[in-house]
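Engineer: Can you look at this prediction? I've put the sequence above it.
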Amino acid sequence: MNKITYAKISGYDAAIAAAVTADVHVIARSGILDETDLTSLCDELVSLVCSGRSNLVLDLSGVSHVPYGGFRSLASCARFSQQSGGGLKLSGLSIYLFNLVRAEGLYNAFEYFEDERTAVADFAAEAGPGLS
């Protein structure tokens, strides 16, 4: 398997600046994500993509609830990331959140992984043998 550098970031400029050499950026959230949280999260994702960091993993293993319709904005971020040559992979979704994505008709908008390590490894596999 190829090696890949990744960094967990929390949205703070200092953390993003320290992670500029990472090939994949993992953003983790926890608790209940309301509309304000989703707007902030999408702003963070778009900012990363605009700065050339388009390989993203969104770790939702600690998230207990997202309002109905909330995954639509994340699907837009996923499309933007893909159009920029990367992707947005979701990891750690509970059955509840996964069913919510399906209920919103967005099953095909994302790639799903059990945990962040598996999602990061998938980026390495997609990159091919030249990535180290």
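Structural biologist: Ah, there it is. Numbers count the residues shown, from 1 in each chain.

Engineer: quick one: buried residues of the helix or strand containing Phe98?
Structural biologist: Secondary structure from DSSP states H and E places Phe98 in helix 95-103. Residues of helix 95-103 classed as buried under the neighbour-count rule (16 or more other Cβ atoms under 10 Å) are Leu97, Leu100, Val101. All C-beta spots, glycine's among them, are computed from the backbone N, C-alpha and C.

Engineer: The helix or strand bottoming out on mean pLDDT in the chain: what's the following helix or strand?
Structural biologist: Sorted by mean pLDDT, DSSP states H and E, the helices and strands of the chain end with helix 13-18, the least confident at a mean of 43. Counting by DSSP H and E, the next helix or strand C-terminal to helix 13-18 is strand 24-32.

Engineer: Do me a favour and average the pLDDT over the helix holding Phe98.
Structural biologist: For helix 95-103, mean pLDDT rounds to 97.

Engineer: Could you check the pLDDT of Ala125?
Structural biologist: So, for Ala125, pLDDT stands at 85.

Engineer: Any idea how many residues pack against it?
Structural biologist: The number of residues packed near Ala125 is 12, by other Cβ atoms under 10 Å.

Engineer: tell me which element it falls in.
Structural biologist: helix 116-127.

Engineer: how distant is stretch 72-80 from the center of its chain?
Structural biologist: Computed by Cα atoms, centre = their mean, to the nearest Å, the chain-centroid distance of stretch 72-80 equals 10 Å.

Engineer: buried set for it?
Structural biologist: For stretch 72-80, burial by neighbour count (16+ other Cβ under 10 Å) applies to Leu74, Ala75, Cys77, Ala78, Phe80.

Engineer: with these in mind, which one is nearest to Val57?
Structural biologist: Using Cβ to Cβ, the shortest approach to Val57 within the buried residues of stretch 72-80 belongs to Ala78, at 11.4 Å.
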